[in-house]
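**Student:** quick one: sequence and predicted model below, then my questions.
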Amino acid sequence: MVLYQLLSFFFATSAKQEDSKMEPSLYKRGDLLEVPRTLFRHFGIYLGNNRVAHLIPDILPAISKDTSAIAKMVSNNRLVLGVITKVASVRVDSVEDFAYGSEILINHMDKVCKQPALDGDEVGRRAEKLLGSVTYSLLWYNCEHYVMYCRYGLAISYQTYQFCTTVRKIVFSRMSAYLTALCGVFTMLYLSCMTPPAVLLTVLISLTIWMAS
C-alpha cells in the first residue's frame, strides 16, 4: 500500500511537471504590455520569467529609504503623487504587480506604430539597460516614451500627442477665440487705467487665438 501511494505521488508530480512544461507562456521577451491605470494607460516591456520592466512615477523613494516598502507594488496614490513631484524610476515587477488587477493588452502598439518592432532580445536589452531613477515628465518622458524607444527605437507617446491635439482644438476653437476677445474687451473697459503694455498684450493674445482658429 505504501509503495502504491509513493508511485501514485511520483507519477502525479511528473504529470504536473510535464503539463507546466507544455503550457506555453502568454508573453515573449520583448513584448510590449499595456494596462489601463488611473487616468491613463500604463506600459511595460516583458523581460521573461514573469518579469516586466516599466517606467513608473512613485513618490515613496523621495520620502523613504525603506527598500522593502519601495519594492512593493506601486499603488495609485504613490503613482499620482510621483507624477506631481516628477519622481519616477524604471523598475522590474512581476506581471501581476504590473497589471494591478487590470486586463493586459499585448503588442497593441504594433497596430498603431508604422515603425517595425525590434528583435525581442534587443527590446529586452534596451529595457534592462535603462533601469534606475529617471526624471519624469507627463508630457515629454513617461512610461509610453520608454517602451516605444525600447521596442521601436522612437521615444514618442501617442497619449501625449492625443492630449496636445485635444487641447489645441479647445484653445484654438472659434468659440475660444470669441470668448478670449470678449474677455479682453471687458478687461480693458473695466480696468480703464490699464497701462499701454497691458492693453497691447491683451489685444495680441486675443488676435493670436483668433488667427489660429
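**Tutor:** Happy to help now that I have it.
**Student:** can you pull out the strands in this structure?
**Tutor:** Assigned by DSSP state E, the chain shows strands spanning 32-37, 40-48, 51-57, 87-94, 105-106, 132-135.
**Student:** ok, which of these comes nearest residue 114?
**Tutor:** Of all the strands of the chain, strand 32-37 sits nearest to residue 114, with 15.1 Å by Cβ to Cβ. (Each C-beta comes from the backbone N, C-alpha and C, glycine too.)
**Student:** any regions of the protein where pLDDT drops low?
**Tutor:** Applying pLDDT under 70 to the chain picks out residues 1-25, 159-213.
**Student:** what about the helices in it?
**Tutor:** 2-22, 60-63, 67-71, 76-85, 95-99, 120-129, 143-152, 158-171, 174-190, 196-212 (DSSP state H).
**Student:** which helices and strands does the shortest one pack with?
**Tutor:** Counting contacts by 3 or more Cβ pairs under 8 Å, 6 or more residues apart in numbering; DSSP states H and E, the secondary-structure elements packed against helix 60-63 are helix 67-71, helix 76-85, strand 87-94.
**Student:** can you put these in JSON lines and add mean neighbour count?
**Tutor:** JSON lines is the format used below for the helices and strands packed on helix 60-63 (neighbours: other Cβ atoms under 10 Å):
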{"stretch": "helix 67-71", "mean neighbour count": "11"}
{"stretch": "helix 76-85", "mean neighbour count": "16"}
{"stretch": "strand 87-94", "mean neighbour count": "19"}
